[in-house]
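# Here is a sequence with its predicted model. Questions after.
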Amino acid sequence: MTENKGMPLRADGRAGLRGSFAANAVPAIVSMMLTSGVVLVDGAFLGRVVGPDALAAVNLGLPILYAFMGVALFVAVGFSSRATVALGAGEPGDASRYFSAAAIAVVGACGAAALGLALAVGPAASFLARGGDLSGALRDYLSVMAPGYFFMTLNMSLSVFARAEGKPMDALAIGLVANVANVAFDWLFVAALGFGVKGAAAATGVAAVLGCAAGLARVLLGRSAFRFVRPGLGRREYAAALSNGLSELIGQYSVTLTSWMVNAACLRTMGAAGLAALTVAGYLSFVESMVVTGLCIGMGPIVGRAYGAGDPSTAAAVMRMAARAAFATGFVAFAIAALGGRAAALFWTGGDERIAGLAAGGFAIFGAGFLFNGFNAVAAAWFTARCDARRSGAIAALRGVALPVAAITALPAALGATGVWLAMPAAELLTLAYALPVALRAARG
């Protein structure tokens, strides 16, 4: 079997299992945190320079971002899991075929979606903003962001494969290029030139192009284990890869649906001020989810290679490491939400007391979900890395579609604004009741 660079499979390797997990997870977490930082900086420029309504309007566009991410991760995670197993089994040619098939699929699907959005910006903005006062600002944002979403998905897919081949620092470098550029262009377009929401969209789009160029360069210059080749995959291979990425598709499209539902419920119960408060809460949620995503990314290649090499005990051990780290991350995020909601809202809205008051009451309720969602994400990612599409899909469907839709439908109707804040924590707690015993049984088996 051909060993991959720098990634021992067993705990008795030179670096040890903890070192191997840390070597993959830490760069991924740093990369995800940089991405979070860019989102927070975007929000700060919009909320403080343009105004809270701009902050709320851009938040209304998040379902579209999640929809694009769903397609990219569906393909990239599904095919990269297969590619990782192929690398672990000493079959680099098969790994490159999966990589090339993923590249073609992402370009085709996301390119068509970006074109469709560009042609339907007006109706999309009106639908997401429920025809309200925020429609105009959202339309301006989406009109510039449509091509930016395409390059963001390519950038994301290339980073997934860089981590899958055991080169997390390369993925970090790709992210660093895009994130630093985004902050710089935010300052230029929003603060210095006063382009408003269009400037924020342009900054994100230009930064995504630069990150995508960096990711393509490492493949074309031979720094990657993957090559662009003719895929030549059969129907069963496509089906197996796509079914393995199904949990990612469900997860992202569920976020698309639930984001739209939560935004609608928030506008109905609290108005634009409540949506701005929820947007600030979403920033903390985004940071926490990025850390957990980094843990999942760091875990995935080790688990895939371990299964490819016939070493399930290592796969179980690294899952337990990731789960403990996810629980710790969630507790810290909950404490920050409970204690710092008002201060966060004041900062991101330029001192708006009305929005800060809404945040002070809702953040602690909303933050309770952080105590549960980390393990749910780790469990779904672990089953994905094992190519167990059935159980990863079940967890993703519960936490992403079935339970959130039920909670968002029922709780705001019964409890008003409190129900909006409570919906997602309730869904995550109920998911945990399923995911925890299922994952523990699989790890023991």
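Yep, that arrived.
# any idea how far Tyr283 is from Met290?
Using C-beta to C-beta, to the nearest Å, Tyr283 is found at 11 Å from Met290. Just so you know, the C-beta spots here come from the backbone N, C-alpha and C atoms, and that holds for glycine as well.
# ditto for Ser224
Taking C-beta to C-beta as the measure, Ser224 falls 24 Å from Met290.
# what about Val39, how many residues close to it?
Using other C-beta atoms under 10 Å, the number of residues around Val39 comes to 19.
# Could you do Gly108 as well?
Neighbour count for Gly108, taken as other C-beta under 10 Å: 12.
# does it sit in a helix, a strand or a coil?
At Gly108 the chain is in helix, as set by DSSP: H, G, I helix; E, B strand; the rest coil.
# Quick check: pLDDT value at it.
Gly108 is assigned 94 on the pLDDT scale.
# Show me which residues of the host helix or strand of Ala213 are buried.
Element membership for Ala213, per DSSP states H and E: helix 196-220. When neighbours are counted by 16 or more other C-beta atoms under 10 Å, the buried residues of helix 196-220 are found to be 196-212, 214-216, 218-219.
# What are the buried residues along the helix or strand following it?
Note on helix 196-220: by DSSP H and E, the next helix or strand toward the C-terminus is helix 235-244. Buried residues in helix 235-244, defined by neighbour count with 16+ other C-beta under 10 Å: Glu237, Tyr238, Ala240, Ala241, Leu242, Ser243, Asn244.
# pLDDT and distance to Ala25 for those - can I get that in CSV?
Shown next, in CSV, are those (pLDDT from 0 to 100; distance: C-beta to C-beta, whole Å):
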residue, pLDDT, distance to Ala25
Glu237, 85, 29
Tyr238, 84, 30
Ala240, 80, 27
Ala241, 82, 24
Leu242, 82, 26
Ser243, 81, 26
Asn244, 75, 21
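# Can you list the low-confidence ranges for the chain?
Residue ranges of the chain with pLDDT under 70: 1-15, 35-38, 247, 251, 445.
# ok so, going back, quick check: which helices or strands does the helix holding Ala213 pack against?
Applying 3 or more C-beta pairs under 8 Å, 6 or more residues apart in numbering; DSSP states H and E, we find helix 196-220 packed against helix 16-45, helix 52-60, helix 135-164, helix 168-186.
# mind checking how far it is from the chain centre?
Chain-centre distance of helix 196-220: 17 Å, with C-alpha atoms, centre = their mean, to the nearest Å.
# now stretch 270-284
Computed by C-alpha atoms, centre = their mean, the separation of stretch 270-284 from the middle of its chain amounts to 19 Å.
# Ok, stretch 192-211 next?
Mean-position distance between stretch 192-211 and its chain equals 20 Å (C-alpha atoms, centre = their mean).
# residues making contact with that stretch?
The contact list for stretch 192-211, computed with C-beta atoms under 8 Å, 6 or more residues apart in numbering, reads 38, 42, 45-46, 50, 54, 57-58, 137-138, 140-145, 147-148, 151-152, 154-155, 174-175, 177-179, 181-182, 184-186, 188-190.
# 7 Å instead, please
Contact partners of stretch 192-211, identified using C-beta atoms under 7 Å, 6 or more residues apart in numbering, comprise 42, 45-46, 50, 54, 57-58, 137, 140-141, 144-145, 147-148, 151-152, 155, 174-175, 177-178, 181-182, 185-186, 189-190.
# how about Gly132, secondary structure?
Three-state secondary structure (criterion: three-state DSSP) places Gly132 in coil.
# Next: Gly350.
coil.
# Compute the number of surrounding residues for the closest residue in space to it that isn't next to it in sequence.
Setting aside the residues directly before and after it, Gly350 is nearest to Arg48 in space (C-beta to C-beta, 6 or more residues apart in numbering), at 4.5 Å. With neighbours defined by other C-beta under 10 Å, the count for Arg48 comes to 18.
# Quick check on Arg48: phi, psi?
With angles defined as degrees, to the nearest 10, Arg48 sits at phi -90, psi -30.
# What distance do you get for it to Ser20?
Between Arg48 and Ser20 the computed distance is 42 Å (C-beta to C-beta).
# Gly194 now?
Gly194 sits 49 Å away from Ser20, taking C-beta to C-beta as the criterion.
# Show me which of the two is the more surrounded one.
Ser20 (25 against 10).
# just checking, that one touches Val303?
No: counting by C-beta atoms under 7 Å, Ser20 stays clear of Val303, with 11.2 Å between them.
# now the host helix or strand of Gly374, how far from the centre of its chain.
According to DSSP H and E, Gly374 maps onto helix 370-385. Helix 370-385 sits 13 Å away from the centroid of its parent chain (C-alpha atoms, centre = their mean).
# I'd like the next helix or strand past that helix.
helix 389-397.
# Could you point out the helix or strand that follows that next one?
Scanning forward in sequence from helix 389-397 by DSSP H and E, the next helix or strand is helix 403-415.
# That next one: how far from the chain's middle?
Helix 403-415 sits 24 Å away from the centroid of its parent chain (C-alpha atoms, centre = their mean).
# and for that helix, what are the contacting residues?
The contact list for helix 403-415, computed with C-beta under 7 Å, 6+ apart, reads 254, 257-258, 261-262, 265, 269, 419-420, 422-424, 426-427, 430-431.
# rerun that using 6 Å as the cut-off
Under the contact criterion C-beta atoms under 6 Å, 6 or more residues apart in numbering, helix 403-415 has outside partners 258, 261-262, 265, 269, 419-420, 422-423, 426-427, 430-431.
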